[in-house]
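Asker: Build me a structure from this.
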Amino acid sequence: MRLSDSIRFHAATDVGKVREHNEDNFLVDKKLALFIVADGMGGHAAGEVASAIAVRTVHEEIKRESELLDDYVSGATGASKVTPKDVVALVDNAVQRACSKVHEEAATDVAKRGMGTTLSVLLVVGNQGFIAHVGDSRIYLARDARIQQVTEDHTVYNELIKRGKLTREQIEKVQQKNAITRAVGVYERVEVDTLVIDLTAGDTLVLASDGLHGYLESPEELRGPLSLDGDASVKALISLANDRGGKDNITTIVVKLGEEGAVDAARARRLALKRDVLANMPLFSRLTERELLRVMQAVEVRTHRDGEVVIREGDKGDELFIVLDGKVVVSRGGQQLTHLGPGEHVGEMALIRSAPRSATVTAVGSAELIAIRRADFFEILRKEHEVAVKMLWQFLGVLADRLDQTSSELHDAKRELAAEDVTSDIFPIDVDETPSAPPSASR
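Answerer: Next comes the predicted model:
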């Protein structure tokens, strides 16, 4: 059964204890498995208009393309095969359309000029969650013992943290530190963060406006309310925010995947293994959890049969391979060099240059490998600047290690060549057997 066919959800919104109007909006479409939270801004009820337009427009745009989603789930083949990138493009375009409509509405009414809204969208298709995000509403993922924030706040505070120019203590004193740096509708277009997450039965996702998450000291505070059944979970979250001040409107949607009590432990272990293998690789070791999720959506897991060639010496390649399960053997010129097991990698230079492969890699028994294509690697570098800096810095480290190793090998080889020739000590030559010198030429 597809996860999108077995979703339980609960949603609630509350004006809070201070505001007179609720400018938040949310939407749930169970058939589409679509969930949206929007937090409007603009005053004079303009925020409520902006969030309502955005929610409605995203819903209409995605609903219009429901056949595309069906084709993706069914895995239809041929020239019209739908890929994850197609679904990502769909949710991105839906948010852009919403941005345009909110902006158009603001242009027709002076009282609504500058209105906008945050937007956090979750679309569950098959066994994957497609996320589109703008602003400072949030989406959290709870799986096993871990609860993590999977979206990134577009706020002054977060931008200053990322740049590392000020300490957290200094940033706390900055006025307007909670001001958002991106919103739907303020301009005709907006930069949208998109993410694809592999999901499993037992996962819980939480969509929340800042009226809720602003009162959370850590994601772990969600654990208690999420353990409650039915609507009690969202009621507990609303109460938490109100009990701590309720200064803003409060909206949340709790999405639980799989039948009640169902947990796909095997799939969860596979997803955790995939994450851990990537996290332990030097190239990705400095990435945050959200950044690792961004990389995970760009990789492909492939199964190779015993004896199947993964990389052939002399061929041009554009992929890095990381062993997820099983073993591979590396050989050159028909001579075996080494075996690689889980967590070990080969072919990383193919990510940055197009050159013939220097060795052949062959599966030993059944082996699963994570493949990362150069084109997908470059796309991450272009779109995720923080990730790009970290990965390129790590790549320099890998190259430096290789240079050190090569220098050491050359040094050893040079020392061996310069060593004294002791052949005569091992195989002494009898004086009587010494070849006589050729006669000298006559003068």
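
Asker: Tell me the secondary structure at Lys235.
Answerer: Under DSSP: H, G, I helix; E, B strand; the rest coil, Lys235 falls in the helix class.

Asker: mind checking how far it is from Arg269?
Answerer: 33 Å (CB to CB, to the nearest Å). Heads up, the C-betas are built off the backbone N, CA and C, glycines and all.

Asker: in stretch 269-285, what's buried?
Answerer: Arg270, Leu271, Lys274, Arg275, Val277, Leu278, Met281, Leu283, Phe284 (16 or more other CB atoms under 10 Å).

Asker: now swap in stretch 389-404 and tell me
Answerer: Using 16+ other CB under 10 Å as the test for burial, stretch 389-404 gives Lys390, Met391, Gln394, Phe395.

Asker: Among the residues you listed, which pair sits farthest apart?
Answerer: Pairwise distances across the buried residues of stretch 389-404 (CB to CB) peak at 9.7 Å, for the pair Lys390 and Phe395.

Asker: With respect to Asn22, which of the buried residues of stretch 269-285 is nearest?
Answerer: Nearest to Asn22, judged by CB to CB, of the buried residues of stretch 269-285 is Leu271 at 36.9 Å.

Asker: Quick check: pLDDT value at that closest one.
Answerer: For Leu271, the model assigns a pLDDT of 88.

Asker: same question, the one 10 residues further on
Answerer: Looking at Met281, its pLDDT is 86.

Asker: That one is in contact with Leu324, isn't it?
Answerer: No. At 11.4 Å, Met281 does not count as touching Leu324 under the criterion of CB atoms under 8 Å.

Asker: Quick one: the helices in the stretch 51-200 of the chain, in order.
Answerer: Assigned helices in the stretch 51-200 of the chain, in chain order: 66-74, 84-107, 156-163, 168-172 (criterion: DSSP state H, counting those that start in this stretch).

Asker: any idea which of those helices is most buried?
Answerer: helix 84-107 (a mean of 20; mean count of other CB atoms under 10 Å).

Asker: So Asp243 versus Asp14, what's the distance?
Answerer: Taking CB to CB, one finds Asp243 at 12 Å from Asp14.

Asker: and if you look at Gly397?
Answerer: Gly397 is 49 Å from Asp14, by CB to CB.

Asker: just Lys177 next, same as before
Answerer: 25 Å.

Asker: More neighbours: which of the two?
Answerer: Per other CB atoms under 10 Å, whichever of Lys177 and Asp14 has more neighbours is Asp14, with 23 against 15.

Asker: worst average pLDDT in the helices of the stretch 51-200 of the chain?
Answerer: Looking at the helices of the stretch 51-200 of the chain, the weakest mean confidence is helix 168-172, a mean of 75.

Asker: what comes into contact with it?
Answerer: With contacts defined as CB atoms under 8 Å, 6 or more residues apart in numbering, helix 168-172 is touched by Tyr157, Leu160, Ile161, Lys177.

Asker: Distance to His385 added to these, as CSV?
Answerer: Below are the contacts of helix 168-172 laid out as CSV (distance: CB to CB, whole Å):
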residue, distance to His385
Tyr157, 18
Leu160, 16
Ile161, 15
Lys177, 21
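
Asker: for the residues you listed, which one is nearest Asp376?
Answerer: Nearest to Asp376 among the contacts of helix 168-172 is Ile161, at 27.5 Å by CB to CB.

Asker: show me what contacts the closest one?
Answerer: Arg168, Ile171.

Asker: Against Glu169, how distant is it?
Answerer: For Ile161, the distance to Glu169 - CB to CB - is 12 Å.

Asker: can you check Gln405 too?
Answerer: Per CB to CB, Gln405 is found 43 Å from Glu169.
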